[in-house]
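Enquirer: Predicted model, plus sequence, below.
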Amino acid sequence: MPARRRTRTAGEPIGAASALKACYAAWSKGATALIAAVRAVAVHEGVDAALVEAWRQSQPDALKRSEGVRTSARKTWRWVAEMDEIAATFASAGLPDGFHRAAAEIHRSLARYRDATAPPPLDEIVRALAASPRPGG
């Protein structure tokens, strides 16, 4: 029998569960976009191998998350609206909303992998990010 997940409550105020979900996704799905973008910049600047080695030595979790971008690439298109909603939530809290708007753009760029039968190679993902058109560009 599979392990059962514990149900958690977010608190009494109306909207607490939605706020918790937004905060959780702001980190988990936002971080996926950030690490994909970091790898794309590292490839563009010719320092990707050095970055991977630095992470291997000092930040193995970052390297693991970076490799996880491959498996996430086929589903990140679903996160675009959520990133926009999170950006609006940040703005309503008086915080900058630009990071999650950018995360939405990165996830939108990966929509080409939506119907892929296997995770794309990371080097293909970073090339796709670098080649994606930018608003106003």
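Expert: Received it, and whenever you're ready, just let me know what you need. Numbering: from 1, shown residues only.

Enquirer: Sticking with the nearest residue to Glu85 once chain neighbours are set aside, tell me its helix or strand.
Expert: Distances taken as Cβ to Cβ, 6 or more residues apart in numbering place Ala22 nearest to Glu85, at 6.9 Å, with adjacent residues excluded. Any C-beta I mention is one placed from the backbone N, CA and C, and that applies to glycine too. Secondary structure assignment for Ala22, by DSSP states H and E: helix 16-45.

Enquirer: now do Ala116
Expert: Taking DSSP H and E as the definition, Ala116 sits outside all helices and strands.

Enquirer: just to revisit the earlier point, now the angle from the following helix or strand past the helix holding Ala22 to helix 16-45?
Expert: Per DSSP H and E, helix 16-45 leads on to helix 48-58 as the next helix or strand towards the C-terminus. Per axes from the mean of the first three to the mean of the last three Cα atoms, to 10 degrees, the angle that helix 48-58 makes with helix 16-45 is 130 degrees.

Enquirer: Compute the inter-axis angle for the lowest-mean-pLDDT helix or strand in the chain and helix 16-45.
Expert: Taking mean pLDDT, DSSP states H and E as the measure, the chain has helix 122-131 as its least confident helix or strand, at a mean of 86. Angle, helix 122-131 to helix 16-45, by the same axes, to 10 degrees: 90 degrees.

Enquirer: Pull out the buried residues from helix 122-131.
Expert: Neighbour counts over helix 122-131 (16 or more other Cβ atoms under 10 Å) mark 122, 125-126, 128-129 as buried.

Enquirer: That helix - contacts with which helices or strands?
Expert: When contacts are defined as 3 or more Cβ pairs under 8 Å, 6 or more residues apart in numbering; DSSP states H and E, helix 122-131 packs onto helix 16-45, helix 60-72, helix 98-109.

Enquirer: Lovely, talk soon.
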